[in-house]
Structure formats: structure tokens, C-alpha cells
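dropping a prediction and its sequence here:
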Amino acid sequence: MPSVLPELLKDDDDEKSDAVMQAMLKMAKLDIETLRGAYDRS
């Protein structure tokens with residue numbers, strides 16, 4: 001598991017962590033840049 005994933009998923013902002021989870025569920029292989037983008041846009 002990428003070390004940044006827990007940081008993105010456990011953010012105090014539920015909207016950010018939910019956006020990361022939704023983006024991750026669509027992936028066959030984890031793409032950290034896409035996950036960070038989902039986090040930053042929320």
C-alpha cells in the first residue's frame with residue numbers, strides 16, 4: 001500500500017477522504033496522482 005494512502009483516506013474533511021475513496025474504487029491499479037487530484041479538488 002502506498003504510504004500516502006492512509007493520509008488521504010483519514011483526513012478530517014470527510015468530503016476529501018470520500019473523494020479519494022470513490023476515485024480509488026474505480027482503479028484496478030492505484031494511481032497516486034489521481035488520488036491526490038481527487039483530494040485536492042474536494
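Yes, it's here.

where does pLDDT dip in the chain?
Within the chain, no stretch has pLDDT under 70.

scan it for its longest helix.
helix 14-25 (DSSP state H).

in that one, which residues are buried?
Lys16, Ser17, Ala19, Val20, Ala23, Met24 (16 or more other Cβ atoms under 10 Å). Where you see a C-beta, it was placed from the backbone N, CA and C, and this is true even at glycine.

do stretch 1-16 as well
Applying a neighbour-count criterion of 16+ other Cβ under 10 Å, one finds Leu8, Asp11, Lys16 buried in stretch 1-16.

excluding chain neighbours, give the residue nearest to the first one in space.
It refers to Leu8. Nearest residue to Leu8, sequence neighbours excluded (Cβ to Cβ, 6 or more residues apart in numbering): Val20, at 4.4 Å.

so what's that neighbour up against?
By Cβ atoms under 8 Å, 6 or more residues apart in numbering, the residues touching Val20 are Leu8, Leu9, Asp11, Leu35, Ala38, Tyr39.

mind redoing it with 6 Å?
Leu8, Leu9, Leu35, Ala38, Tyr39 (Cβ atoms under 6 Å, 6 or more residues apart in numbering).

name the SS class of the first one, please.
This means Leu8. The three-state label given to Leu8 by DSSP: H, G, I helix; E, B strand; the rest coil is helix.

go ahead and flag the most central residue of the protein.
For the chain, the residue nearest the mean C-alpha position is Val20 (2.6 Å; Cα atoms, centre = their mean).
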